[in-house]
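Participant: Provided below are the primary sequence and the corresponding predicted coordinates.
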Amino acid sequence: MRRLLKWVLLGLALVATAAGVYVGPRMYRLSMIGAGYVAKQMCSCIFVSERDFASCRADMPPDMARVEATVLDGARGVRARVPGIAERTARYSPGTGCTLY
């Protein structure tokens, strides 16, 4: 019985590892895209359209709720992040609008 439990746990560990190898890179890529989207949209909304943060955040699709956004102190830009996974920053430049960095 103990030997069977050992093999079952080993099998579960292998399945979990394989799932992590598949899901990890995909989650990172999608998080970078989502953070970039929120940073750029929020930056354009706040600095180009001159709307307030709450109004701009309300325009974001519901599936972007996990992405946190903050207006940069001292710089005209927005930083968006998926905690622990991805972070993107968009900065405003007069004449050219917001650009991702």
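Facilitator: That came through, no problem.
Participant: which residues in this protein form strands?
Facilitator: With DSSP state E as the criterion, the chain has strands at 68-71, 77-82, 86-93, 97-100.
Participant: how far out from the middle of the chain is the second one?
Facilitator: So the one you mean is strand 77-82. Averaging C-alpha positions (C-alpha atoms, centre = their mean, to the nearest Å) puts strand 77-82 8 Å from its chain's average.
Participant: ok now stretch 48-65, how far from the chain's centre?
Facilitator: Here the centre of stretch 48-65 is set off from its chain's centre by 15 Å, with C-alpha atoms, centre = their mean.
Participant: before we move on, what about stretch 21-30?
Facilitator: Centre-to-centre, stretch 21-30 and its host chain are 12 Å apart (C-alpha atoms, centre = their mean).
Participant: what residues of it count as buried?
Facilitator: Neighbour counts over stretch 21-30 (16 or more other C-beta atoms under 10 Å) mark no residue as buried. In this view, the C-beta of every residue, glycine as well, is placed from N, C-alpha and C.
Participant: and it, average pLDDT?
Facilitator: Stretch 21-30 shows a mean pLDDT of 88.
Participant: out of the strands of the chain, flag the one nearest Ala54.
Facilitator: Ala54 lies closest, by C-beta to C-beta, to one member of those: strand 68-71, at 11.1 Å.
Participant: first-to-last residue distance for stretch 40-54?
Facilitator: The first residue of stretch 40-54 is 15 Å away from its last residue (C-alpha to C-alpha, to the nearest Å).
Participant: deepest-packed of the strands of the chain, please.
Facilitator: Among the strands of the chain, strand 77-82 has the highest mean neighbour count (mean count of other C-beta atoms under 10 Å), at a mean of 23.
Participant: other SSEs contacting the lowest-mean-pLDDT helix or strand in the chain?
Facilitator: Across the helices and strands of the chain, mean pLDDT, DSSP states H and E gives its lowest value to helix 2-43, namely a mean of 90. The contact analysis (3 or more C-beta pairs under 8 Å, 6 or more residues apart in numbering; DSSP states H and E) places helix 2-43 against helix 53-58, strand 68-71, strand 77-82, strand 86-93, strand 97-100.
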